[in-house]
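*Asks:* this is a predicted model, with the sequence first.
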Amino acid sequence: MEPHAPHIFSPDYYRQLGRVEEQHPWSRHMQRLALALLGRYGGGSLTRVLDAGCGAGYFTLMWREQCRPRLAVGLDSSLDGLILSHRRGLRDVVASSVDALGFRDGVFDAIYCADVLQHLSREAAARTLAEFARVLRPGGLVFIRTASRRGIGAKKHRDTGDYQQWEPEKLRAHLEPCRLQVEWMSLVDWLPGLAADLQAYRRPAPVGDVGLHVGSAPAGSRFSGLLAIYYHFERLALLRLGWRLPGGHRLLCLARKR
């Protein structure tokens, strides 16, 4: 693992996360997909929204500014992340664990949860999804982004007790008991993810949380431009053509509370 790949809950993790959220083509791709899907399935009815695991707060702020909900709450268990969120101008921030939300039943119209489930045990992930269902109103939406299974063949990533990767069937099986019905689901980041798996094939299979590592793509560089072009066509395939990709390093899912 490279030394510049900090682990979650360290101050450097949230500082690097803030830079990635603002500058990397991968992050812009993920943000645009999330906002497009929430807009498509939620229309103008998403007035009270929760970013569960808001990190450095960039998406919460973008959601608030672009969609104008009456209430946009950023929640995280890390004070380092919440301090960065507050510095960005967010005032409705809450320190809490995602598996024990301190909100009343049915208070939110939508929940956004990005790159949180992979950091939870199976038991904590089940409690978290049940909590999401509890605080959502009937018909409310939850958008989930989580790490999908990486690696090829014998070099597939191995889970640990506090870190797990997800396949579509596994996530669906966790959502259904919570009365969360999948409306849209796909793997994403297909070709860049495949390239990363091929590049890593000669190294030992990774185990557990390998830290925050996103390949360098300086703004204005040729590589950044190529990534932006690829992600433009990936969004077109997913959102306009209705494709579902055969692979990728992230799993996106939008589900509705029955």
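*Replies:* The structure has been received and is ready for your questions.

*Asks:* which regions of the stretch 51-200 of the chain sit below the pLDDT cut-off?
*Replies:* Of all residues in the stretch 51-200 of the chain, none has pLDDT under 70.

*Asks:* I'd like the distance between G139 and M185.
*Replies:* Separation of G139 from M185 (Cβ to Cβ, to the nearest Å): 18 Å. In this view, the C-beta of every residue, glycine as well, is placed from N, C-alpha and C.

*Asks:* tell me the SS of the residue in the chain sticking out farthest from the centre?
*Replies:* Here the centre of the chain is the reference, and by Cα atoms, centre = their mean the most remote residue is R202, at 28.1 Å. The three-state label given to R202 by DSSP: H, G, I helix; E, B strand; the rest coil is coil.

*Asks:* from the contact counts, what lies against the strand or helix carrying L33?
*Replies:* Assigned by DSSP states H and E, L33 belongs to helix 25-42. Contacts defined by 3 or more Cβ pairs under 8 Å, 6 or more residues apart in numbering; DSSP states H and E place helix 25-42 against helix 11-23, helix 58-67, strand 108-114, strand 136-147, strand 180-188, helix 222-235, strand 250-257.

*Asks:* just want the angle from it to strand 108-114.
*Replies:* Helix 25-42 and strand 108-114 are oriented at 160 degrees to each other (axes from the mean of the first three to the mean of the last three Cα atoms, to 10 degrees).

*Asks:* G139 and M185: which has the busier surroundings?
*Replies:* In this view G139 and M185 are compared by other Cβ atoms under 10 Å, and M185 has more residues nearby, 16 against 11.
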